Structure formats: structure tokens, C-alpha cells
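Got a sequence here, can you model it:
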Amino acid sequence: MNVVIIRNPVAGGRRQSGAWKAAYKAFSDQFPGLDVQESRSGGDAIRLAREQADRGCDLVIVAGGDGTISDVVHGILTSTRPDTPLAFLPIGTGCDFVRNFAPPVDPVELARRIAGASPRKIDAGLLLARDAQGLEQRRYFANIASVGISGEIVDAVNAGGRRKIVTGPLRFLLFSVMAILRYRPYRFDILVDGMRVHEGPLAIAAIANGGWFGGGMHITPQADVADGLFDVAVMREESVFGLLGLLKSLYTAGHLGHPLLSFHRGRRVELRPQDPDRFPIEVDGENPIRGGFVAEIVPKALTIRF
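Have a look, this model is predicted:
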């Protein structure tokens, strides 16, 4: 097989250097002739994935976190061979998308699982937005797009110039608490399949293909990556102390039944800001777009071996 790993060399910080060495040996043993391509900057994984798919690669393995997976998904789905199979080597800050598949922790077991897996289809999301010049932006994503305090948290987690002394899920938790302590509600409208489900103050709206985000928060426990639908979680305005309690409950899905939380399902979700200056967006742990957008589910868009 013609197999390539697309690796984000800075994903997960310094703590992942040892994990990468062990993983590389395990995958090299399983896939002789394995090629490794490293991204050089933010978004470079899109180019690498598109090039590898275009040239006829049999399997692309993503070594990184959710942002790298999202870039590779976008690259493959905008290539001439969008059915190119994809697999995951979770080395990153969040690694939330792969939680949907319960991968083994041991790299030898993971490499064997991928080598023996049959291709199958799962869904992807597509964001449609406009840039400052009014030109259409199209962005595929794998896991979750959200608006509100989650966007501010991702901005802080990814901010340049900050040493990543704290990494992984603990980094998300730290910046989540800091953002909540400064919280002021956002104001936007949400439409699901053309029906308005919310208007006005809000803390978070999450449009989910998968079930986890934010370093292990189980925001949409009923989400299924292959059912052709988004699960949409709408968290209405809350106090700072209420949000801190809700944050804690997200890790165990204890938020289900909360009176200020509602869930919806649909194929098309539109988010319209009432205050465009306060509309922070995150997409798979990154900030690739700005402003109001429409999200559409793309059923069975991705081919995975995992």
C-alpha cells in the first residue's frame, strides 16, 4: 500500500515527542515504505492532504489533533479523489474527534487496527460563509463547529506567543474557567432546517457531527458520525457560577436535562449574529472563518479506515 502520515510536528507540545517516536516505529512496522509529510505552518496540512489524494495515495493517516484532522479532511474533500481513505493517529491538544471511535492507546494495537480495518463511510460538515469582500468561503469539518464562549476559549488556547506549559485537556479546562469568569452573553439567532429554534442571548451553540469537544467535554452524547444529521446543542444565557457548574457536568454528560439547555437535530443549521463584533467561532478547535454562516451535513462524505 501507498501510505502516508501527515504530521503536525507541534501538535500536543513537547510532551508528544516520545509518543511520536513510539508511534512511528509501530506504524513503520505495519506499513513498510511508510512516508511522512510534516506541515510547516497553520493550514499547510490542507495542501499536503490534497496533494497526496491527487497523486493516488491509498491511505492518509493524520498525526495531530482536531485542527490537523479538520485540515486534512478539507484537503481530501476538495481534491480530485475525495474517497481517499483516512485514518487517525491522535497526537494533539484536544483529540476529541477520535473519541467517537474508541481507539486503543497502545500505538502497536492502533497500527494493527488501522491495517486490518475495512473502509467505511462517515459524515462531514460543510460551512458556507462570506468574507469581508463578500466572497463565499467553503470549509469542510470533521467534528464540531460552535459559537459563543467556546470560540473565545479556542482563541485563548491557540494564541500565539503563549508557552504551552499546560497542554492537553487540562489546557482547555484552564482557559475555559478563565473565559467563563469574564463571561458576557452573546446574541444571535439559530435556525435548524429553516425553523428558528433560538433568538437572543446565548452562551454556546454547538453544531455537532461527533460527540466531544473542548478536551473531553461530552457536549452531544447522542451524536452519530454516520446518521446524516447534525446534533445541535443550544446553551442559553447563564450566570458565571451556573456556567462553571455546567462546565464541570459536560465531562460526564451530566448536563442532559438542564433547564437552560436544548438539543435539536437537522441537516442544515444557520447562525446569524445580532452583534457581529461579538460572534467568536471555533471549528474543530481552530478559527478558520468569521461572521455568520450556514452549516450543512454531507452524508457519507468521508471514507475512513479506523
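
dump the residue contacts of the residue nearest to residue 101 when sequence neighbours are not counted.
Excluding its sequence neighbours, the residue lying closest to residue 101 (CB to CB, 6 or more residues apart in numbering) is residue 306, at 5.3 Å. Heads up, the C-betas are built off the backbone N, CA and C, glycines and all. Applying CB atoms under 8 Å, 6 or more residues apart in numbering to residue 306 gives the contacts 86, 87, 88, 98, 101, 103, 113, 114, 117.

these two touch, right, the fourth one and residue 90?
Meaning residue 98. Yes: between residue 98 and residue 90 a contact is recorded at 4.6 Å, counting by CB atoms under 8 Å.

which secondary structure elements does whatever helix or strand residue 296 lives in contact?
When elements are assigned from DSSP states H and E, residue 296 belongs to strand 293-304. Other helices and strands packing on strand 293-304, by 3 or more CB pairs under 8 Å, 6 or more residues apart in numbering; DSSP states H and E, are helix 66-77, strand 86-90, strand 120-130, strand 268-273.

of these, which approaches residue 26 most closely?
Taking CB to CB, strand 86-90 is the member of the helices and strands packed on strand 293-304 nearest to residue 26, at 9.4 Å.

neighbouring contacts of the closest one?
Residues from elsewhere that reach strand 86-90, judged by CB under 8 Å, 6+ apart: 5, 23, 27, 59-65, 69, 72-73, 76, 97-98, 101, 103, 107, 110, 114, 117, 302-306.

Show me just the buried residues among those residues.
Among the contacts of strand 86-90, those classed as buried by 16 or more other CB atoms under 10 Å are 5, 23, 27, 59-65, 69, 72-73, 76, 97-98, 101, 103, 107, 110, 114, 302-306.

coming back round to it: quick one, which of the helices and strands packed on strand 293-304 is nearest to residue 183?
Nearest to residue 183, of all these, is strand 268-273, at 17.1 Å by CB to CB.

Now the closest one: buried residues?
For strand 268-273, the neighbour count (16+ other CB under 10 Å) marks 269, 270, 271, 272, 273 as buried.
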